[in-house]
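Undergrad: test case, fold it:
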Amino acid sequence: VLEEDHPQSVRHVFYRMTDPRLPVPVPKTDHGPNNGYRAVQDRIKKLRRSGQLPYGWIADATRRGYHTSTFADAGAFLSQMAGLYRGDLWAQSPYYVEVWCESRSIAGVIEDTCRELAVSLYPCGGFSSITLAYEAAQTINWHCGEGKLCLIYYIGDYDPAGVLIDRALERELREHLGSEVGLHFRRMGITEDQIAEFDLPTKPRKPGDKRALHVKETVEAEAMPASILRTLLRQEIERWLPEGALETVKVAEASEQQHIRRMADILQGRDE
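TA: Have a look, this model is predicted:
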């Protein structure tokens with residue numbers, strides 16, 4: 001599974017391993033004595049430590065370090081920063097796009113796609129804090145103050161809580177948007193149609209939960225194969241870019257990065 005598509009989170013792999021069409025599928029459980037998730041997690045750990053599975057094939061955005069970058073001098077700074085230079089991919093687009101997701105697990109598998117397409121990614125960790133929503137709304141106000149339409153794509157679980165999280169998030173964002181800012185908010189996954197289309201594994205809803213009674217069977221966002229999730233996201237985002245923008249900006253970026261490196265050489269006394 002990981003050779004065909006990486007990176008994936010452990011939870012994505014777990015759902016692939018519960019496929020009943022496999023010779024020996026793992027139990028579709030993440031608790032109790034017959035814990036399928038723990039079995040997959042343990043196998044992945046052993047394969048990574050034995051060198052059979054590259055560490056980079058598993059995405060984990062839930063734990064990160066915080067680092068302070070330092071530099072020998074201004075030339076060293078420019079030299080290291082040259083590769084980070086990005087052109088404004090959306091400069092000629094009338095749209096500003098963001099992606100929000102319910103979990104950091106999902107964020108880990110779509111982060112590279114969002115970075116390549118220069119869109120902001122927000123893992124909200126369930127019901128978003130009002131601080132995060134407020135700060136995100138101020139960013140939207142800044143980007144869309146000159147008439148751009150804001151498009152937000154949301155990815156979250158299809159369960160009694162999950163189908164309410166995006167609604168609560170949209171309400172909170174709209175609370176802090178300027179009157180001139182237009183917002184189009186769309187749940188990109190998981191949807192009821194996708195469950196049928198991609199034959200996603202379901203679990204019964206928790207008994208006693210009175211929320212969203214129309215949800216009969218639940219599906220975690222990680223049940224969507226990572227490659228399909230990335231493809232759907234890319235298709236949605238790229239449709240709002242001007243034709244040829246990605247290729248044009250990449251050429252301009254390479255030229256600007258080379259210019260920055262030449263300036264770094266001058267500062268470091270390497271200019272011929």
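Undergrad: now do the helices in this protein.
TA: With helices called from DSSP state H, the chain shows them at 10-17, 36-49, 74-81, 104-116, 130-144, 162-176, 192-197, 226-238, 245-267.
Undergrad: so which bits of the longest one are buried?
TA: Which is helix 245-267. Within helix 245-267, the residues that qualify as buried are Ala245, Val249, Gln257, Ile260, Arg261, Ala264, counting by 16 or more other Cβ atoms under 10 Å. Where C-beta positions appear, they are placed from N, C-alpha and C, glycine not excepted.
Undergrad: so what are the sheet partners of the one helix or strand in the chain whose mean pLDDT sits lowest and their directions?
TA: Sorting the helices and strands of the chain by mean pLDDT, DSSP states H and E puts strand 203-204 at the bottom, at a mean of 85. In the sheet, strand 203-204 lines up against strand 217-218 (antiparallel) (DSSP bridges).
Undergrad: quick one: Gln268 from Met81, how far?
TA: According to Cβ to Cβ, to the nearest Å, Gln268 stands 14 Å off from Met81.
Undergrad: before we move on, what about Leu117?
TA: 21 Å.
Undergrad: more neighbours: these two, which one.
TA: Higher neighbour count among Leu117 and Met81: Leu117, with 19 against 15, using other Cβ atoms under 10 Å.
Undergrad: can you report how many residues neighbour the nearest residue to that one once chain neighbours are set aside?
TA: Counting by Cβ to Cβ, 6 or more residues apart in numbering, Leu117 lies nearest to Ile237, which is 5.0 Å off, once chain neighbours are set aside. Neighbourhood size, Ile237 [other Cβ under 10 Å]: 21.
Undergrad: for Ile237, give me its contacts.
TA: By Cβ atoms under 8 Å, 6 or more residues apart in numbering, the residues touching Ile237 are Val97, Val99, Thr113, Leu117, Val119, Tyr153.
Undergrad: pLDDT score assigned to Leu151?
TA: pLDDT recorded at Leu151 is 98.
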